[in-house]
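Enquirer: here is the input, now give the coordinates:
(4 chains)
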Amino acid sequence: MIRVQREDFDAAAEAKALVAGNHRVGSVVTFVGLVRGAAGEATIGAMTLEHYPGMTERELAKIDAEARARWPLEASLIVHRYGRLKPGDQIVLVVTASAHRQAAFAANEFLVDWLKTKAPFWKLESTAQGEQWVDARAADDYAAKRWGPK
Amino acid sequence: MIRVQREDFDAAAEAKALVAGNHRVGSVVTFVGLVRGAAGEATIGAMTLEHYPGMTERELAKIDAEARARWPLEASLIVHRYGRLKPGDQIVLVVTASAHRQAAFAANEFLVDWLKTKAPFWKLESTAQGEQWVDARAADDYAAKRWGPK
Amino acid sequence: MKVLYFSWLKTRAGIGEETVTPPAGVASVGALLNWLATRSPGHAAALANRSVVRVAVNQEYATTNAPVGPNDEIALFPPVTGG
Amino acid sequence: MKVLYFSWLKTRAGIGEETVTPPAGVASVGALLNWLATRSPGHAAALANRSVVRVAVNQEYATTNAPVGPNDEIALFPPVTGG
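Expert: As a prediction, the model looks like this:
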């Protein structure tokens, strides 16, 4: 399942609803990405996430389907926010549930790596020096590539 | 931080409290282990977790310190329950928080792997066929060994 | 043909969305980018460094030689930075 | 010397905790296990397969040749299965 929304999310409530009543689930891994308070030397006042409505949902759904095809997951969920956020705010939630922990951990890392290089979101940081679009990190491409071709 | 308790836990509340006000944290990874509803062919009615009070806390604290030494974590938490649990109940919570996701993911997997082979807990499964102590899994030893000597 | 610009491509081009009718010969992503770059100094600045311009045709990632037609939605944006 | 048994070692030995005074020659974990196995058929059954008996001395994992003394807390248990 995937969702793109302006609103905040409750990670535990989402994870609980996702596996409720499914007693085949033994491991639930949850990733939450937060807005950090600094970019290098500069203090971040706010962060605005722009996205491409329509394509975002398609890309997240494709990534989710890919993870479901690669690992024996009982359930998975991606929730990604857009709009204006403050340091400490939640940006993204990825939940993976499986009978065994290896699948839940690996699928979760895969989803986070891939959504960072595929999902059409762009971060605009506001600091005392003004507004600045965040550059893509080569480390993210590298992290995504280790999973092989999509 | 580590805690051993009979009571259930609220994973999101624990994670939130752990990183509250720390704007260096960009990634929070949460692992929750649940009681599964079946062991092979047998349906599990209940699961009792016995432990060694005192040594349990020492081992968890050692594992936690080892993870903190290996990865640049902003915060970490292990909560492990004992006593009688039902399928779907939460057994263990591991939370790791870091500036970057790689450290949070790796430290979390390390903690789960190590606590499964080091922390003195033993599972007793109750099925229609009676009570049975769960055997240690060779796969868990193997998973823990990939992190090298402790 | 609808063209969308995101992130700093939107800022540089000075426009977020426009409907364009390129000449008949403009039938691929690459040709479209070349033609769009001639529309204004802002467009030229936005498209100056093609190595950091990603393209989607009808909301799917596309390469330079992918075909484009009058009914397509083309989106231009830098490498993504979500998550 | 206090000896604790957990999981199926407790079930087989028929006791969870006992205070024992082994002979003076019993000064290592290995010697203690040999001596404990003689205390009852249950003890013998619990300790029959040493490869699945783990030992802690004063709440720290210990190997067969680790020393044990009168004031120590010794715990015997199978490989752990928590998490």
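Enquirer: use CA for all of it now, contacts and neighbours both
Expert: Fine.
Enquirer: which residue ranges of chain C form strands?
Expert: C:2-5, C:17-19, C:54-57, C:60-62, C:73-77 (DSSP state E).
Enquirer: would you turn those strands into TSV with mean pLDDT?
Expert: As requested, the strands of chain C are arranged in TSV below (pLDDT from 0 to 100):
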stretch	mean pLDDT
strand C:2-5	98
strand C:17-19	98
strand C:54-57	98
strand C:60-62	97
strand C:73-77	98
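Enquirer: what's the most buried one of those strands?
Expert: Comparing the strands of chain C by mean neighbour count (mean count of other CA atoms under 10 Å in any protein chain shown), strand C:73-77 ranks first with a mean of 22.
Enquirer: dump it to CSV, keeping only the CA atoms.
Expert: Written as CSV, here are the backbone C-alpha positions of strand C:73-77 (Å, rounded to 0.1, in the frame of the first residue of the first chain):
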residue,chain,number,x,y,z
GLU,C,73,2.3,15.1,-20.7
ILE,C,74,6.1,15.8,-20.5
ALA,C,75,7.7,16.5,-17.1
LEU,C,76,11.2,18.0,-16.6
PHE,C,77,12.9,17.9,-13.3
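Enquirer: name the residues of stretch A:141-148 that are buried.
Expert: A:141, A:143-144 (16 or more other CA atoms under 10 Å in any protein chain shown).
Enquirer: who's in contact with it?
Expert: Applying CA atoms under 8 Å, 6 or more residues apart in numbering or on different chains, the external contacts of stretch A:141-148 come out as A:110, A:113-114, A:117.
Enquirer: same question for stretch A:85-93.
Expert: A:8-9, A:11, A:30-37, A:44-49, A:77-82, B:20-23, B:25, C:83.
Enquirer: just the contacts of stretch A:141-148 that are near chain C?
Expert: Among those, the ones lying near chain C by CA under 8 Å from any CA of the partner chain are A:T117.
Enquirer: just the contacts of stretch A:141-148 now: which is nearest chain B?
Expert: Checking the contacts of stretch A:141-148 against chain B with CA to the nearest CA, the nearest one is A:D113 at 9.3 Å.
Enquirer: show the pLDDT at that closest one.
Expert: A:D113 is assigned a pLDDT of 96 by the prediction.
Enquirer: ok, now A:K150?
Expert: The score at A:K150 is 62. That number is its pLDDT.
Enquirer: pLDDT weak spots in chain A?
Expert: Scanning chain A for pLDDT under 70 picks out A:150.
Enquirer: chain center to the top helix by length along it: distance?
Expert: The helix that spans the most residues within chain A, counting by DSSP state H, is helix A:101-118. Chain-centre distance of helix A:101-118: 9 Å, with CA atoms, centre = their mean, to the nearest Å.
Enquirer: name the nearest residue to the residue in chain C that chain D sits nearest to, sequence neighbours excluded.
Expert: In chain C, the residue found nearest to chain D is C:G83; the distance is 29.2 Å by CA to the nearest CA. Nearest residue to C:G83 in three dimensions, chain neighbours excluded: A:K116, at 5.1 Å (CA to CA, 6 or more residues apart in numbering or on different chains).
Enquirer: who does the longest helix of chain A touch, helix- and strand-wise?
Expert: Helix A:101-118 makes packing contacts with strand A:27-34, helix A:55-70, strand A:90-98, helix A:138-145, helix B:101-118 when contacts are defined by 3 or more CA pairs under 8 Å, 6 or more residues apart in numbering or on different chains; DSSP states H and E.
Enquirer: after that helix comes which helix or strand?
Expert: strand A:121-127 (DSSP states H and E).
Enquirer: partner strands of that following strand, parallel or antiparallel?
Expert: Using DSSP bridges, the neighbouring strands of strand A:121-127 in the sheet come out as strand A:42-51 (antiparallel), strand A:130-133 (antiparallel).
Enquirer: same list (the ones you listed) but as CSV, adding mean neighbour count.
Expert: What follows is those, written out as CSV (neighbours: other CA atoms under 10 Å in any protein chain shown):
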stretch, mean neighbour count
strand A:42-51, 19
strand A:130-133, 14
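Enquirer: which residue is nearest the centroid of chain A?
Expert: In chain A, the residue lying closest to the centroid (CA atoms, centre = their mean) is A:V92, at 4.2 Å.
Enquirer: from D:E17, how far out is it?
Expert: 50 Å (CA to CA, to the nearest Å).
Enquirer: surely C:A62 meets C:E73?
Expert: No: no contact is recorded between C:A62 and C:E73 when judged using CA atoms under 8 Å, the distance being 11.6 Å.
Enquirer: what touches both of those two?
Expert: Listed as contacting both C:A62 and C:E73 by CA under 8 Å, 6+ apart is no residue at all.
Enquirer: distance across stretch A:111-125, terminal residue to terminal residue?
Expert: Between the opening and closing residues of stretch A:111-125 lies a distance of 24 Å (CA to CA).
Enquirer: can you tell me how far A:Y82 is from chain C?
Expert: A:Y82 sits 9 Å away from chain C, going by CA to the nearest CA, to the nearest Å.
Enquirer: that older thread, of the buried residues of stretch A:141-148, just say which sits nearest to chain C.
Expert: Using CA to the nearest CA, A:D141 is the member of the buried residues of stretch A:141-148 that lies nearest chain C, at 10.0 Å.
Enquirer: look at C:L9 and report its pLDDT.
Expert: Looking at C:L9, its pLDDT reads 97.
Enquirer: which parts of chain C sit against chain A?
Expert: C:6-8, C:59-60, C:79-83.
Enquirer: which of these are buried? Put it as a ChimeraX command.
Expert: Here is the ChimeraX command that picks out the buried ones among the residues of chain C next to chain A, judged by 16+ other CA under 10 Å:
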select /C:6,7,8,59,79,80,81,82,83
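Enquirer: can you pick out the most distant pair from the residues of chain C next to chain A?
Expert: When the residues of chain C next to chain A are compared pair by pair using CA to CA, the farthest-apart members prove to be C:W8 and C:E60, with a separation of 20.1 Å.
Enquirer: what sits up against stretch A:108-121?
Expert: If you take CA under 8 Å, 6+ apart as the criterion, stretch A:108-121 is touched by A:29-31, A:49-52, A:55-56, A:59-60, A:63-64, A:67, A:82, A:94-96, A:140-141, A:143-144, A:147, B:105, C:79-83.
Enquirer: ok, 6 Å please
Expert: Where contact means CA atoms under 6 Å, 6 or more residues apart in numbering or on different chains, the residues beyond stretch A:108-121 that reach it are A:50-52, A:56, A:59, A:96, A:144, C:80-83.
Enquirer: stretch C:46-60 too?
Expert: A:55, C:9, C:12-13, C:61-62, C:72-78.
Enquirer: ok, and of the residues you listed, which contact chain D?
Expert: Applying CA under 6 Å from any CA of the partner chain, the subset of the contacts of stretch C:46-60 adjacent to chain D is empty.
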